[in-house]
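1. Fold the following, please.
(2 chains)
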There are 2 protein chains.
Amino acid sequence: MWDEEYDVVIIGSGFAGLSAAIEARRLCSSVVVLEKMAVPGGNSIISGGLFAAAGSPLQAQENIDDSPELMLADMLAAGHDFNHRDLAGIVAEKSAETLQWTIDELGVKYRPKLSHLGGHSVPRTYNTANTSGSGIIRPMLVKCREMDIPIRLKTFLSQLITDESGAIEGVAVIEDYIFPNRESGIGKRIRAKRAVVMAAGGFSQDKKFRAIQNPMLTEDIECTNHRGATAESLIIALKAGAIPVQLSMIQLGPWASRDEEGFGVGSMFSMLAGFPYGILIDLRTGERFVNEQADRKLLVDAMLNFDRESIAIVDEMGVRHASTLEKCLKRGVVRKFDTIEELAIANQAPLIPLKATINAYNALIEKGRDDQFGKPLPKDLLPLKHPPYYSIRLISKVHYCMGGIQINTRAQIIRIDTQQPIGRFYAAGEIVGGIHGASRLGSNAITDCIVFGRIAGGNAANEPPRP
Amino acid sequence: MWDEEYDVVIIGSGFAGLSAAIEARRLCSSVVVLEKMAVPGGNSIISGGLFAAAGSPLQAQENIDDSPELMLADMLAAGHDFNHRDLAGIVAEKSAETLQWTIDELGVKYRPKLSHLGGHSVPRTYNTANTSGSGIIRPMLVKCREMDIPIRLKTFLSQLITDESGAIEGVAVIEDYIFPNRESGIGKRIRAKRAVVMAAGGFSQDKKFRAIQNPMLTEDIECTNHRGATAESLIIALKAGAIPVQLSMIQLGPWASRDEEGFGVGSMFSMLAGFPYGILIDLRTGERFVNEQADRKLLVDAMLNFDRESIAIVDEMGVRHASTLEKCLKRGVVRKFDTIEELAIANQAPLIPLKATINAYNALIEKGRDDQFGKPLPKDLLPLKHPPYYSIRLISKVHYCMGGIQINTRAQIIRIDTQQPIGRFYAAGEIVGGIHGASRLGSNAITDCIVFGRIAGGNAANEPPRP
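-> Okay, the predicted model is just below:
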């Protein structure tokens, strides 16, 4: 009946899946990670590598007063209080110790300076040294190798197998699967002696499924995710009785470049330099129209989803914070100009209003307070007047699914008809719904994925083994 | 194996279920309606009996220019474009002929004057003669009796039964069910020779389920619905593979009374008189704060969900439109005052700002345009200065679930893994998701329920009979 058997079977090899695997393997003797794509790391490996933590060493060093309570309050504000507060509270509470775990256990390298991302009350975001999620995923993969955890690529979850009590007993998979060809590969059944962990990510690239939840997200709307960010595993979990939570809450990223596909290199440029140290301009008017450091939902709403053509502008002083600058310039995603006049001409922006906007903004900086839009000004912010100037053309792209399936604080998946946990069935990461409510704050995804990945993995490994 | 057999089995006896039954029975020889509660009519029978139709006889009589296109545009605006546009378009397109059907086929009596509800561009709302959904449900029940359609009360859907192809073959039910006692009653299996129609309504009273979707809707928040508006059938449909659509979009009604439970009599007072012919006042400031005729979501947002204490005020001329006035006064839901001074004292409103607000509002009426909040002023609106004056204390209550399961334009329920219809399985009414997007316009529910109830019933009856 079964082809193979492991204590814990994990679906997905991103932050949540690999964290779960590492934690589980500490507590039991065999763990396997199943990944449908031909490469490991899912969407995590192409992410920006930003990690939000409340009460971190860098915050202490920079004299930044923060707490899990403040981080939770920021999450609830951005989430419009749609958040499942018990879960969100755990993310905030465990953020700093989990960051430390990535340093101590995995050897992840971070830059020595915090970033202040939109919607966070204070700077609390660590950047991986290589400005990429690969800076965490690669050490995780090394750790998995050391711990003898196989990562089985091109292995697609086709079915969950339950025992007579309704608990999950194993999975049917397709090996040698060529995504997205449902005819490819061959079937196999893998038994989970203790539990199965769903860490299969979001569905931002699933154009049909996302349009059912939000019909405005038509096929032509771009996405920052890798192409494997589709809904198959979510659907399998729902069919097993998991509760759908807030599936229509799908986040657009306001910082992506119009001049490259996907997440690219421009997104990090905007997040780290353009928005905190520069200004966001409506190309028709030459004016600012929003607090550039607002949370993503507020920004996208202000950009009218796709109707308002906008650019971010930053100068030589601000651009120092953009770790992806070289690549951005090489790919033509960011352009460099000696004068504002040249920048205006190249972007077809009205020059006189643009200059007036910059003068007004510089006056705000001198005053130390943005009376106009309430942007929190970085301590080291200087007036925008140091050439050369840089611009990036922006467009909103589908980025993250706040919705997913319901778990409890132990990361157990809840059954829709009984509201009790489904036996031996856990989830973590983007496939979980409700933690971020209506809008996730930037750099909270990695924290969430690793916090709940470890909880899921630990609890899965602690299930009593089946005979 | 089966205890009974009908061509079409319908779950739920509200507008959608009874419309489906009547339409199905025209086309096939046996139809049964199963209702879990001890009385028929579900939430429909306690609704306000408002029917929106574009291009109706009363509109022609009152020279109101309307069209299905305009009605659809209003639905999309209120729905923030989250609407499943193909389905919303059908509701608008068929609204006038469906209204006529209730008159010609059922003999429903309507008042001779249209109402203009918030968010609609023009007056297009018919009122039943008795200002209640019972004015439609009762004639439907009479029709069912004439057509020999049994309405089986206290009959709870406990399970769907599928055949080997995955199509729905029948239902397991509990007879003599005492809602909500899951231990009550006895089981029976009813075969559907042609199809099953899910018309089981929304889940506004399901406090646990609704809080998963919107955690702000805590147990203490009141609801306008009958207590049977719970999620059991929705959950059964989801377990059968139906696609969850926008379940977190749950509407609060901004017009309900703080001084009675549920929908009561105050809701219609506000909808028909207080909002169109009166003003909405913040009790702390004595000022207006919103277009009283905005759609429900905008109103509830402006009322800060539950934080802003507000009242509606209307005078002797405006109150003529309130068909529930007598009951409201008798129950103390609406209070009557000879002067604004007395009204202010009784409501603890600041008198001087309140008088200034009324004067400013009356000046807008004289001018014929609400420059302040853009409220569309009824043609027969007079200045608010004709004593006695009436006030109602408002509080937002959970009213309607925009979310539900996905159907196609033939009312077939779609399967989540294949995105193809589930065989012999239809749905209509509030259990369907996506038609109204983020916010349903008042008086569009009855239209939607009857339009899609008839489509579902007709298509269910046209399925080839099983041998």
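2. rest of the way, CA atoms for contacts and neighbours
-> OK.
3. From residue A:84, how far out is residue A:428?
-> When C-alpha to C-alpha, to the nearest Å is the yardstick, residue A:428 and residue A:84 sit 14 Å from each other.
4. now residue A:118
-> Distance, residue A:118 to residue A:84, using C-alpha to C-alpha: 21 Å.
5. Show me what from the stretch 351-467 of chain A comes close to chain B.
-> A:416, A:417 (C-alpha under 8 Å from any C-alpha of the partner chain).
6. Would you map the strands across the stretch 351-467 of chain A?
-> Using DSSP state E, counting those that start in this stretch, the strands assigned to the stretch 351-467 of chain A run over residues A:389-394, A:397-401, A:404-405, A:412-414, A:421-427.
7. what helices or strands is the second one leaning on?
-> Right, the one you point to is strand A:397-401. strand A:250-253 (3 or more C-alpha pairs under 8 Å, 6 or more residues apart in numbering or on different chains; DSSP states H and E).
8. okay, and for the stretch 151-300 of chain A, where does confidence drop off?
-> By pLDDT under 70, the stretch 151-300 of chain A contains no weakly predicted segment.
9. near chain B, which residues of it?
-> Among all residues of the stretch 151-300 of chain A, those adjacent to chain B (criterion: C-alpha under 8 Å from any C-alpha) are A:212-216, A:232, A:235, A:238-241, A:244-248.
10. Of the strands of the stretch 351-467 of chain A, give the one that comes closest to residue A:195.
-> Distances from residue A:195 to each of the strands of the stretch 351-467 of chain A were compared using C-alpha to C-alpha; the shortest belongs to strand A:421-427, at 4.4 Å.
11. In its sheet, which strands sit next to that closest one, and in what direction?
-> Sheet pairing here is set by DSSP bridges, and for strand A:421-427 it gives strand A:186-198 (parallel), strand A:412-414 (antiparallel).
12. Can you pull the domain assignment for chain A?
-> Segmentation of chain A into domains, based on automatic domain parsing, reads A:4-204+A:398-461, A:256-395.
13. Report the mean confidence score over stretch A:71-88.
-> Within the predicted structure, the mean pLDDT of stretch A:71-88 is 97.
14. hmm, it touching chain B?
-> Yes - under the criterion of C-alpha under 8 Å from any C-alpha, stretch A:71-88 makes contact with chain B via A:81, A:82, A:83, A:84.
15. Turn those residues into CSV, columns for distance to residue B:201 and neighbour count.
-> As requested, these are arranged in CSV below (distance: C-alpha to C-alpha, whole Å; neighbours: other C-alpha atoms under 10 Å in any protein chain shown):
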residue, distance to residue B:201, neighbour count
A:81, 26, 19
A:82, 23, 26
A:83, 26, 30
A:84, 26, 25
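16. Now for the closest residue to chain B within the stretch 51-200 of chain A: which residues touch it?
-> Of the residues in the stretch 51-200 of chain A, the one nearest chain B is residue A:82, at a distance of 5.6 Å by C-alpha to the nearest C-alpha. For residue A:82, the contact set (C-alpha atoms under 8 Å, 6 or more residues apart in numbering or on different chains) comprises A:76, A:434, A:436, A:437, A:438, B:213, B:214, B:215, B:216.
17. Also residue A:66?
-> A:54, A:55, A:59, A:122, A:124.
18. try residue A:192
-> Residue A:192 sits in contact with A:5, A:6, A:7, A:8, A:9, A:168, A:169, A:170, A:171, where contact means C-alpha under 8 Å, 6+ apart.
19. now the residues you listed in JSON lines, with distance to residue A:159?
-> As requested, the contacts of residue A:192 are exported to JSON lines (distance: C-alpha to C-alpha, whole Å):
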{"residue": "A:5", "distance to residue A:159": "16"}
{"residue": "A:6", "distance to residue A:159": "17"}
{"residue": "A:7", "distance to residue A:159": "18"}
{"residue": "A:8", "distance to residue A:159": "16"}
{"residue": "A:9", "distance to residue A:159": "13"}
{"residue": "A:168", "distance to residue A:159": "11"}
{"residue": "A:169", "distance to residue A:159": "11"}
{"residue": "A:170", "distance to residue A:159": "9"}
{"residue": "A:171", "distance to residue A:159": "6"}
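20. For these, pick the one with the most neighbours.
-> Of all the contacts of residue A:192, the most densely surrounded is residue A:9 (32 neighbours; neighbours counted as other C-alpha atoms under 10 Å in any protein chain shown).
21. any idea which element it lies in?
-> Per DSSP states H and E, residue A:9 falls inside strand A:4-11.
22. one step back: now the strands of the stretch 351-467 of chain A as a markdown table including mean neighbour count?
-> Formatted as a markdown table, the entries for these read as follows, by neighbours: other C-alpha atoms under 10 Å in any protein chain shown:
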| stretch | mean neighbour count |
| --- | --- |
| strand A:389-394 | 25 |
| strand A:397-401 | 25 |
| strand A:404-405 | 27 |
| strand A:412-414 | 25 |
| strand A:421-427 | 26 |
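23. Turn these into a markdown table, including mean pLDDT.
-> Converted to a markdown table, the strands of the stretch 351-467 of chain A look like this (pLDDT from 0 to 100):
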| stretch | mean pLDDT |
| --- | --- |
| strand A:389-394 | 98 |
| strand A:397-401 | 97 |
| strand A:404-405 | 98 |
| strand A:412-414 | 98 |
| strand A:421-427 | 98 |
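24. Tell me where the stretch 151-300 of chain A has strands.
-> Here the stretch 151-300 of chain A has its strands, by DSSP E, counting those that start in this stretch, at A:151-152, A:156-162, A:168-175, A:186-198, A:244-245, A:250-253, A:279-282.
25. So for residue A:266, which of the ones you listed sits nearest?
-> Comparing these against residue A:266 with C-alpha to C-alpha, the closest turns out to be strand A:250-253 (11.5 Å).
26. now that closest one, how far from the chain's geometric center?
-> Average the C-alpha atoms of strand A:250-253, do the same for its chain, and the two points are 10 Å apart (C-alpha atoms, centre = their mean, to the nearest Å).
27. What lies in contact with stretch A:200-219?
-> Residues external to stretch A:200-219 that are found in contact with it (C-alpha under 8 Å, 6+ apart): A:11-14, A:17, A:42-43, A:223, A:225-231, A:233-234, A:247-250, A:398-401, A:404, A:429-431, B:81-84, B:245-246.
28. Show me those that map onto helices.
-> The members of the contacts of stretch A:200-219 that map onto helices under DSSP state H are A:17, A:233, A:234.
29. Which one (most neighbours) among those?
-> residue A:17 (35 neighbours).
30. And for the residue nearest to that one when sequence neighbours are not counted, the neighbour number?
-> The shortest distance from residue A:17 to any residue other than its chain neighbours is 5.0 Å, reached at residue A:199 (C-alpha to C-alpha, 6 or more residues apart in numbering or on different chains). Other residues near residue A:199 number 33, with proximity taken as other C-alpha under 10 Å.
31. What distance do you get for residue A:199 to residue A:49?
-> When C-alpha to C-alpha is the yardstick, residue A:199 and residue A:49 sit 18 Å from each other.
32. What of residue A:134?
-> The gap separating residue A:134 from residue A:49 is 7 Å, by C-alpha to C-alpha.
33. before we move on, what about residue A:434?
-> Counting by C-alpha to C-alpha, the separation of residue A:434 from residue A:49 is 22 Å.
34. of the two, who's got more company?
-> Remark: of residue A:434 and residue A:49, residue A:434 carries more neighbours, 34 against 25, as counted by other C-alpha under 10 Å.
35. what's the neighbour count on residue A:304?
-> Residue A:304 is surrounded by 12 other residues when neighbours are defined as other C-alpha under 10 Å.
36. Now do the SS call for it.
-> When the structure is split into helix, strand and coil by DSSP: H, G, I helix; E, B strand; the rest coil, residue A:304 lands in coil.
37. roughly how far apart are it and residue A:393?
-> Spatial separation of residue A:304 from residue A:393 under the definition C-alpha to C-alpha is 15 Å.
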